[in-house]
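# Need a 3D model of the sequence below.
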Amino acid sequence: MFRNISLGQYLPADSILHNLDPRTKTIAGLFFILAVFAAAFPLELFFIYLAGGLLLYLSRLRIIDFWPVFKPFLIIILITVILQLLFIPGTPLFSFSILTISYEAVETAVAFTSRFVLLLFIVRLLTATTTPVALMDGLEQMLNPLRKLGLAVHELIMIMTISLRFIPMFIEEAERIRKAQLCRGADFRVGSLSSRLKNLFAWLLPLLRASLQRAEDLSQAMEARAYQGGEGRTRLNVLRLRFNDYAYVLSMATLFVAVLLF
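Here you go, the predicted model:
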């Protein structure tokens, strides 16, 4: 049930993208997303796919590594495409009885799917080449100016970091409880609705209790270490921009501007 869930899992490798500053990858990813939304179908989207292929090559990752992210969204893509094919009017391309599919509907469905795949790709590329801690450090430094407005930036980033770190443990705990319930004869897929709900609660309640216990243990550990927020804290790894960082941001910005112009 949970073995194919990646949820932004970091994939270690020695590549150009892995060694970039997390702030660089975040800003460049935003430029890439803007280019995807601004690109016309099909020529400009084709060139963005070429750019995505180049990024995949520079990351030294395999396309199969992105499949766990795409898989949960297949049903959403399928439903959206079907609705577009059925309800977008235009020049008839295919007719069967009362069903008519237009050329505009096919073009819209293909364009939507192409853009959606690109968006999932760039988000997965960011999380696959950046550790959660580095990503949160980069976001904290980018949001530092908001402290003047009274926003608790460090505390907000700390909450996000802890949430990301707890996700693998949460999944592992859920799988362990599910296997324990299966060993006791529970079956979550058969039986009446009431029995299935009963088995589901027998799974969720221990999971909730274990999650609350982990949160309590973490809060006590932070208090024991005199955690007082971000004031006066230093960093083990100081983020510095290098030539490759500027080149990467400039290339993605150039891609976005080129899409707007042409």
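
# In terms of helices and strands, where is residue 16?
Using DSSP states H and E, residue 16 sits within no helix or strand.

# What number of residues are in the vicinity of it?
Using other CB atoms under 10 Å, residue 16 has 15 other residues around it. (Each C-beta comes from the backbone N, C-alpha and C, glycine too.)

# ok, now residue 171?
15.

# That one belongs to a helix, doesn't it?
Yes: counting by DSSP: H, G, I helix; E, B strand; the rest coil, one finds residue 171 located in a helix.

# Could you check how far it is from residue 24?
The gap separating residue 171 from residue 24 is 30 Å, by CB to CB, to the nearest Å.

# Any buried residues in stretch 78-98, and which?
For stretch 78-98, burial by neighbour count (16 or more other CB atoms under 10 Å) applies to 80, 81, 84, 85, 88.

# Then stretch 71-80?
77, 80.

# before we move on, what about stretch 152-160?
By neighbour count on 16+ other CB under 10 Å, the buried set for stretch 152-160 is 153, 154, 157, 158.

# same deal with stretch 206-223?
Using 16+ other CB under 10 Å as the test for burial, stretch 206-223 gives 206, 210.

# out of the buried residues of stretch 152-160, which one sits closest to residue 240?
Distance to residue 240, by CB to CB, is smallest for residue 157 among those, at 19.2 Å.

# Give me the subset of the buried residues of stretch 78-98 that lies in helices.
Those of these mapping onto helices are 80, 81, 84, 85, per DSSP state H.

# List the residues that contact residue 47.
residue 39 (CB atoms under 8 Å, 6 or more residues apart in numbering).

# in this structure, which spans are strands?
For the chain, applying DSSP state E gives strands covering 92-96, 99-102.

# nearest to residue 137, of the ones in helices among the buried residues of stretch 78-98?
residue 80 (35.9 Å).

# if I look at that closest one, how far off is residue 246?
Using CB to CB, residue 80 is found at 38 Å from residue 246.

# follow-up on the earlier one: adding distance to residue 52 and mean pLDDT as columns, could you present the strands of the chain in a markdown table?
Shown next, in a markdown table, are those (distance: least, CB to CB, whole Å; pLDDT from 0 to 100):
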| stretch | distance to residue 52 | mean pLDDT |
| --- | --- | --- |
| strand 92-96 | 29 | 79 |
| strand 99-102 | 29 | 84 |
